[in-house]
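Asks: coords below, sequence missing:
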């Protein structure tokens, strides 16, 4: 499918110097539309191709102080600032050491140029069903910290998505950071796409497992591109939790995850194919982290 870009339509542009100034712009936006952006790797092409209407004001968040950090603490866990790039997350020693499933997911997103410009928070806030970072973050029990004029609030990521491209983020809020609690276990992310990271996921599967004494102490399964929002396959997780690691248990969990998905037919794949591949990839991912 060919996409022909046009010139950018006219809009006003603002670049706040602080998070508080950005929140003030949002609170006092008036009747016109104001769209914040960080990397711009999604919104600019969408405006150019007329997939979305141009806002009255485009607000550039790049360069806001203290929001591009990635930090890890053994008690508090991982914190990813709103302006930390996808490449920063993929290359972060802390992420690779403590949350390699997230490093895998970040590495699978688009080209090197997009990774250097785009942000993990932006990938989450776009709320597309195929967002590669979402299944991994769901498996890691991530929370988003939303900053607003009335203060901060934290939302579980699995509650944050409300539909395709829609979230619980209020009009006067920005996501300030993502928080991931400390985790013990092993995880992996598998992306099915025609051209690896250069295409959107046809199916994305993340698993995170804590095994003890040959049994599943805890298991989490995140799915992308197979429902209106990224989701946890909780019925499949319950099949694993407390059971001995065995082929038949893993197969049953993979089958249950396929049943929990609700994909659509589109130009990239049929719903039936996606369901089949959920089963295949969940089994493959579980076999990878807990060989039996």
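Replies: Perfect, I can see it now. In this text, all values refer to a predicted model and were calculated from it rather than measured experimentally. Numbers count the residues shown, from 1 in each chain.
Asks: name the nearest residue to the most centrally placed residue in the chain, sequence neighbours excluded.
Replies: Computing the C-alpha centroid of the chain and ranking residues by CA atoms, centre = their mean puts residue 134 first, at 2.5 Å. Nearest non-adjacent residue to residue 134, counting by CB to CB, 6 or more residues apart in numbering: residue 230, 3.6 Å away. For glycine as for every other residue, the C-beta is placed from the backbone atoms N, C-alpha and C.
Asks: what residues are up against the one you found?
Replies: Going by CB atoms under 8 Å, 6 or more residues apart in numbering, residue 230 touches 129, 131, 134, 135, 138, 161, 204, 222, 223, 224.
Asks: how far off centre is the host helix or strand of the residue nearest to the centre of the chain?
Replies: Using DSSP states H and E, residue 134 sits in helix 133-139. Its chain's C-alpha centre and that of helix 133-139 lie 6 Å apart, by CA atoms, centre = their mean, to the nearest Å.
Asks: run through the neighbouring helices and strands of it.
Replies: In this structure, helix 133-139 packs against helix 100-107, helix 120-125, helix 157-160, strand 186-192, strand 203-212, strand 215-224, strand 231-232, with contacts taken as 3 or more CB pairs under 8 Å, 6 or more residues apart in numbering; DSSP states H and E.
Asks: can we see that at 7 Å?
Replies: For helix 133-139, the contact count by 3 or more CB pairs under 7 Å, 6 or more residues apart in numbering; DSSP states H and E identifies helix 100-107, helix 120-125, helix 157-160, strand 186-192, strand 203-212, strand 215-224 as packing neighbours.
Asks: quick one: the strands in the stretch 51-200 of the chain?
Replies: All strands of the stretch 51-200 of the chain, identified by DSSP state E, counting those that start in this stretch, fall at 57-60, 70-73, 77-81, 143-148, 151-156, 161-163, 166-167, 173-180, 186-192.
Asks: quick check: mean pLDDT across the shortest one?
Replies: Spelled out, that is strand 166-167. Confidence over strand 166-167 (mean pLDDT, whole number) is 98.
Asks: ok, it: who's next to it in the sheet?
Replies: Paired neighbours of strand 166-167 in the sheet (DSSP bridges): strand 161-163 (antiparallel).
Asks: over to the second one?
Replies: Each strand that strand 70-73 pairs with, and the sense of that pairing, follows from DSSP bridges: strand 77-81 (antiparallel).
Asks: gap between the strand it pairs with and the chain center?
Replies: For strand 77-81, the distance to the chain centre is 14 Å (CA atoms, centre = their mean).
Asks: which residues are contacting it?
Replies: For strand 77-81, contacts defined as CB atoms under 7 Å, 6 or more residues apart in numbering pick out 67-72, 89, 94-95, 98-99, 120-121, 177-182.
Asks: the residues you listed, buried ones only, as a PyMOL selection?
Replies: A single PyMOL command selects the buried members of these (16 or more other CB atoms under 10 Å):
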select buried, resi 67+68+70+72+89+94+95+98+99+120+121+177+178+179+180
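Asks: would you format the strands of the stretch 51-200 of the chain as a markdown table with distance to residue 111 included?
Replies: Listed next are the strands of the stretch 51-200 of the chain as a markdown table, based on distance: least, CB to CB, whole Å:
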| stretch | distance to residue 111 |
| --- | --- |
| strand 57-60 | 21 |
| strand 70-73 | 21 |
| strand 77-81 | 21 |
| strand 143-148 | 26 |
| strand 151-156 | 30 |
| strand 161-163 | 25 |
| strand 166-167 | 25 |
| strand 173-180 | 22 |
| strand 186-192 | 14 |
